[in-house]
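Student: only geometry, no sequence info:
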């Protein structure tokens, strides 16, 4: 193994020259600027103090030994076996790069300081099956992200009737695959990937909807630089309607069963909330003698069924419905207990303007 002293005569990449010794904050900024044109993601580690006796093993196996006080940084690139040291002379700010292998990275790297330059945008390319005989399969449309790092993994989600799907070099790249459903018609989908920390990423999807009630499914596939196996990627999906400000109070009317011959279906739900958009759905929860049901125009209305159980009598009730986002609602019910000790099954059927069956409604019950 060959040792080389890092002397002043060695070629340096001069980023800046300062008249006095440079601080840790200054060198951090020098490093960030020096790497600004490199493809992300990567992670920057730094020794906490100025080093006067430090050795670096290069990719060729040479050992470089510091001969002057310097700040030492290590850059680890996602998915690659290569990394590099950045050695910044304390007195001048001159930079020396030393390429190395990750297996030659510092053994104590976990104890090094991480430079916080997050969140930062990560470049990507869209991966499309358009124009091929292939289609996505085995997707649950559950707004979860699937991280694919091999052809074998990809083949679990693609089916082709003829030919093959567009190739991906999984030695260099990772495919992020996400799918979900929308409660309204989709006008546009915007995508971005951000690195939140060395091993944490976020795939952010913003879906612009219009007010047409139609259930749509969406699938997003993005190619990015190879992710490490220990990386974590979360999915954030936001749906918006341009010009709307949430929350919005939703008007409703009570649909009473008083005076009818309608009853709860035995075994149907006793606690929670349901969205009903057809008579057939409604018949899962109530049954009426001679099939005479209260009249509801399901072409323009939706029923919200809410049920629960109280351990005392109920003397007073208030309810309100709010729309929290294009596809999310909350039903707030406030119940005042009476002094009578008894088990009471309560329920409400509320009529609102039509919403999609893909909408979600949260039930919030408060007892007083």
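Tutor: It's in. If you're wondering where the values come from, they're calculated on a predicted model, not measured in any experiment. Numbers count the residues shown, from 1 in each chain.

Student: Kindly list the longest helix within this structure.
Tutor: As assigned by DSSP state H, the longest helix anywhere in the chain is helix 24-34.

Student: Who are the packing partners of it?
Tutor: The helices and strands touching helix 24-34, judged by 3 or more Cβ pairs under 8 Å, 6 or more residues apart in numbering; DSSP states H and E, are strand 42-46, strand 70-77, strand 82-89. Every C-beta, even on glycine, is put in place using the N, C-alpha and C of the backbone.

Student: Could you say which one of those strands comes nearest to residue 121?
Tutor: Nearest to residue 121 among the helices and strands packed on helix 24-34 is strand 42-46; the distance by Cβ to Cβ comes to 13.4 Å.

Student: which residues are in contact with the strand or helix carrying residue 362?
Tutor: If you go by DSSP states H and E, residue 362 is part of strand 360-367. With contacts defined as Cβ atoms under 8 Å, 6 or more residues apart in numbering, strand 360-367 is touched by 272-273, 275, 304, 306, 308, 310, 327-337.

Student: ok, now with 10 Å
Tutor: With contact meaning Cβ atoms under 10 Å, 6 or more residues apart in numbering, strand 360-367 is reached by 183, 271-275, 302, 304, 306-308, 310-312, 314, 318, 320-325, 327-337, 346, 352, 355.

Student: what sits against residue 255?
Tutor: Contacts for residue 255 (Cβ under 10 Å, 6+ apart) come out as 294, 295, 296, 301, 303, 304, 305, 348, 349, 350, 351.

Student: Show me the strands in the stretch 151-300 of the chain, by range?
Tutor: In the stretch 151-300 of the chain, the segments counted as strands under DSSP state E, counting those that start in this stretch are 158-160, 173-182, 186-197, 200-209, 216-225, 232-241, 248-250, 253-254, 262-264, 272-276, 286-288.

Student: could you dump the ones you listed to JSON lines with mean pLDDT?
Tutor: What follows is these, written out as JSON lines (pLDDT from 0 to 100):
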{"stretch": "strand 158-160", "mean pLDDT": "93"}
{"stretch": "strand 173-182", "mean pLDDT": "94"}
{"stretch": "strand 186-197", "mean pLDDT": "95"}
{"stretch": "strand 200-209", "mean pLDDT": "95"}
{"stretch": "strand 216-225", "mean pLDDT": "95"}
{"stretch": "strand 232-241", "mean pLDDT": "93"}
{"stretch": "strand 248-250", "mean pLDDT": "95"}
{"stretch": "strand 253-254", "mean pLDDT": "94"}
{"stretch": "strand 262-264", "mean pLDDT": "88"}
{"stretch": "strand 272-276", "mean pLDDT": "95"}
{"stretch": "strand 286-288", "mean pLDDT": "91"}
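
Student: thinking again about what came up before, parallel or antiparallel, list what pairs with the strand holding residue 362.
Tutor: According to DSSP bridges, strand 360-367 forms sheet pairs with strand 328-353 (parallel).

Student: list the buried ones in the partner strand?
Tutor: Buried residues in strand 328-353, counted by 16 or more other Cβ atoms under 10 Å: 328-331, 333, 335, 337, 347-352.

Student: among these, which two are most distant?
Tutor: Longest distance between any two of these is 29.4 Å, between 328 and 337; criterion Cβ to Cβ.
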